[in-house]
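**Student:** Sequence plus the predicted model coming up.
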Amino acid sequence: MGATLDTGKSKGVKPNINVTPLVDVVLVLLIIFMVIIPNMQDGKPIEMVNVFNPDPDAEDKDEPLTITIDHSEVYTIEKQDLTRAQVLVQLQAVYARSPKRKLLIRGDAKLRYAEVRGFFHEVQNIGFGGVALAVGTQRQWDGDKEGE
C-alpha cells in the first residue's frame, strides 16, 4: 500500500491503494482453478472405449409390435380386435418366441390413463423391457365430437 503526501490545503496523509498485487493474486487463483477443476471427476477416472465401426444392431431392424387401445377399451393387434385377456395371452406367446421384441402402446385420448397404466404394468410383468407409449402432437381438443 502506498501513500502520498499532499502539501496543499489538506493536512495529513492521503492513502493511495495499489491494486496490482490484488490483480496478481486473483489471476493466479484463476489459473489454478482453470487447471484443477476440469481434472476433478466423480468416482474413479476411466478412459471410455471409442468405437469407429460398431456392429449393426439386428434387433433394431424389427418394427415394434403396436397395440392400440380405443376409447371403448377394445385392444387391436395387427388389425385384429381382441379383449384385454386375449391380448395378454397373445403377448405371452410373442414373448416366448422373441423376448427382445419391442412394444408400442397407443391409447385413445378419451381413454382413462389408469387403463393404459394397468395394461403397461401387465405387459412389463410378462417380461417385455422395451415398451413405449405413443404420443401425438398437441391439438385443439373437442371432447364432444365423436368419430373423428
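**Tutor:** That came through fine. Not measured: the values here are computed from a predicted model.
**Student:** Regarding Ala132, what is its secondary structure?
**Tutor:** Taken by DSSP: H, G, I helix; E, B strand; the rest coil, the conformation at Ala132 corresponds to strand.
**Student:** Count the neighbours of it for me.
**Tutor:** The local packing of Ala132 (other Cβ atoms under 10 Å) involves 13 other residues. In short, each C-beta sits where N, CA and C put it, glycine included.
**Student:** low-scoring stretches of this protein, by residue?
**Tutor:** Within the chain, the stretches falling below the threshold (pLDDT under 70) are 1-11, 40-62, 136-148.
**Student:** Helices of the chain, residue ranges please.
**Tutor:** 20-36, 84-97, 113-126 (DSSP state H).
**Student:** Let's have these in TSV, adding mean neighbour count.
**Tutor:** Shown next, in TSV, are the helices of the chain (neighbours: other Cβ atoms under 10 Å):
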stretch	mean neighbour count
helix 20-36	10
helix 84-97	14
helix 113-126	14
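**Student:** Quick one: closest of these to Gly12.
**Tutor:** The minimum distance between Gly12 and the helices of the chain falls on helix 20-36, with 24.5 Å, by Cβ to Cβ.
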